[in-house]
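Chemist: Can you look at this prediction? I've put the sequence above it.
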Amino acid sequence: MKAIVVYLSTSGNTKAMAEAIGNGIESKNVDVKVVSFYDVKPEELNEAQAIAVGSSTFYYKMLLPMEKFMNETLISANPQGKIGAAFGSYGWSGEAPIMIAEKMREMGMSVVDPVLRILHKPTDKDLQECKRLGIDIAEKLKHKIKKAES
């Protein structure tokens, strides 16, 4: 079982969320890699059965490089049937994680709800929520694998 957490972070807040999500996944004994979208390799996306994507919001949208990542890199990894999760921090409006989740659903991914959005810098309580999302992703992945084996 493999999961990957991919993020684009302008101020470090979404990166902190990504790391906490990764910790949650890892706490359930699922292999996970937390990586900036600049450094992710297509084969890592292909190998992962669960993909969490995070972006901060800029002018009511996901950042352009993240939009390109979703429309080109992620879609080329044929993520249909994989587990997806969306998250991000925001200062004003917070639409990017919702847009990411919508794109994932369009690609045929099974998206973990709710989409996790955190205002500004995540607090300790927020980071616990991120870890909880990671645990939810891992449990959903384990359930899916068990179902496929039976």
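Modeler: Okay, I see it.

Chemist: Please make it C-alpha for all contacts and neighbour counts, starting now.
Modeler: Will do.

Chemist: what sits against the residue nearest to the spatial centre of the chain?
Modeler: The centroid of the chain falls nearest to residue 52 when counting by Cα atoms, centre = their mean (1.8 Å). Contacts for residue 52 (Cα atoms under 8 Å, 6 or more residues apart in numbering) come out as 3-6, 84-87.

Chemist: could I get the residues you listed as CSV with pLDDT, neighbour count and secondary structure?
Modeler: Below are these laid out as CSV (pLDDT from 0 to 100; neighbours: other Cα atoms under 10 Å; DSSP: H, G, I helix; E, B strand; the rest coil):
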residue, pLDDT, neighbour count, secondary structure
3, 97, 28, strand
4, 98, 25, strand
5, 98, 29, strand
6, 97, 26, strand
84, 97, 27, strand
85, 97, 26, strand
86, 97, 29, strand
87, 96, 27, strand
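
Chemist: which among those residues gets closest to residue 73?
Modeler: Residue 73 lies nearest to residue 6 out of the contacts of residue 52, by Cα to Cα, at 11.7 Å.

Chemist: check contacts around the closest one.
Modeler: By Cα under 8 Å, 6+ apart, the contact list for residue 6 reads 18, 34-37, 40, 51-54.

Chemist: tell me which residues form a beta bridge with it?
Modeler: Beta-bridge partners of residue 6, counted by DSSP bridges, are residue 35, residue 53.

Chemist: What's the separation between it and residue 15?
Modeler: Separation of residue 6 from residue 15 (Cα to Cα, to the nearest Å): 9 Å.

Chemist: Next: residue 84.
Modeler: Per Cα to Cα, residue 84 is found 17 Å from residue 15.
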